[in-house]
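Q: Please find the sequence and the predicted model below.
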Amino acid sequence: MTIAEQLEAKEMQEGRQETAIKLARKFFANGVDRYTVKLSTGLSDEQLDALTRQ
């Protein structure tokens, strides 16, 4: 894998992470339970804790 391909893969992963966080915020705002948010977004408990503290 070239350096350019590695950078592109990293950017894609970061984009997916940002999307998952945005979705989790919307889910929580609409009263979706934590378990469903975790399953739907793939975020860790630590990441969800950070979101609920904000």
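A: All right, it came through fine.

Q: Only C-alpha atoms from now on, for both contacts and neighbour counts.
A: Fine.

Q: Arg25 touches Leu51, doesn't it?
A: Yes - the criterion here is CA atoms under 8 Å, and Arg25 meets it with Leu51 at 7.1 Å.

Q: Spatially central residue for the chain, please.
A: Ala20 (2.9 Å; CA atoms, centre = their mean).

Q: and the gap between the closest residue to that residue other than its chain neighbours and Val32?
A: Nearest residue to Ala20, sequence neighbours excluded (CA to CA, 6 or more residues apart in numbering): Thr41, at 5.1 Å. Thr41 is 12 Å from Val32, where distance means CA to CA, to the nearest Å.

Q: just Thr52 next, same as before
A: Distance, Thr52 to Val32, by CA to CA: 13 Å.

Q: now Lys26
A: Taking CA to CA, one finds Lys26 at 9 Å from Val32.

Q: count of residues packed around Ala9?
A: A count of nearby residues for Ala9, using other CA atoms under 10 Å, gives 12.
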